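1. need coordinates for the below:
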Amino acid sequence: GFLDSVADRYSDAIVYSGIIAAGLCNLWAGLLALFGSMLVSYARARAEMEGVNMAGIGLAERAERMIFLALCTTIAYWYPQALNYGIIILATLAHFTVLQRSLHFKKEIERN
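-> Model (predicted):
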């Protein structure tokens, strides 16, 4: 519901901000990952407000991103750069997901 979605956004912001503030990733990659994470959710919410179902649309939904981030954090114990590379990959996947959702929205709107 609404509160769950808001709590998810706050938790994403806290996690990414902590990684950025600790210097565990490149600043710009971290910011791109943070903004991408927010935009993935926004794209879904906005499309669904227009009546377009976005369930399952996109390569990197929140669950996949969080699992990948946890995996990268674990690997970073042995290979510190893993988290930086993981953030770069997450930023790329998040923005790719926004693109996928945007294209799906456009296709659905044009069909109706």
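2. quick one: mean pLDDT for the helix ranked longest in the chain?
-> As assigned by DSSP state H, the longest helix anywhere in the chain is helix 81-111. Regarding helix 81-111, the rounded mean pLDDT is 96.
3. and the gap between residue 25 and residue 101?
-> 25 Å (CB to CB, to the nearest Å). The C-beta positions use only the backbone N, C-alpha and C, and glycine is treated the same way.
4. again with residue 39
-> The gap separating residue 39 from residue 101 is 9 Å, by CB to CB.
5. do the same with residue 83
-> Separation of residue 83 from residue 101 (CB to CB): 26 Å.
6. so who does the most centrally placed residue in the chain touch?
-> For the chain, the residue nearest the mean C-alpha position is residue 37 (2.8 Å; CA atoms, centre = their mean). By CB atoms under 8 Å, 6 or more residues apart in numbering, the contact set of residue 37 is 12, 16, 62, 65, 90, 94.
7. before we move on, what about residue 109?
-> Neighbouring residues of residue 109 by CB under 8 Å, 6+ apart: 50, 52.
8. got it, and residue 86?
-> Applying CB under 8 Å, 6+ apart to residue 86 gives the contacts 68, 69, 71, 72, 73, 75, 76.
9. of residue 39 and residue 101, who's got more company?
-> The neighbour comparison of residue 39 against residue 101 (other CB atoms under 10 Å) goes to residue 101, with 22 against 18.
10. can you give me the helices in the protein?
-> Remark: helices assigned in the chain by DSSP H are 2-21, 27-49, 62-75, 81-111.
11. can you list the ones you listed in a markdown table and add distance to residue 55?
-> Compiled in a markdown table, the helices of the chain are given as follows (distance: least, CB to CB, whole Å):
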| stretch | distance to residue 55 |
| --- | --- |
| helix 2-21 | 14 |
| helix 27-49 | 8 |
| helix 62-75 | 13 |
| helix 81-111 | 11 |
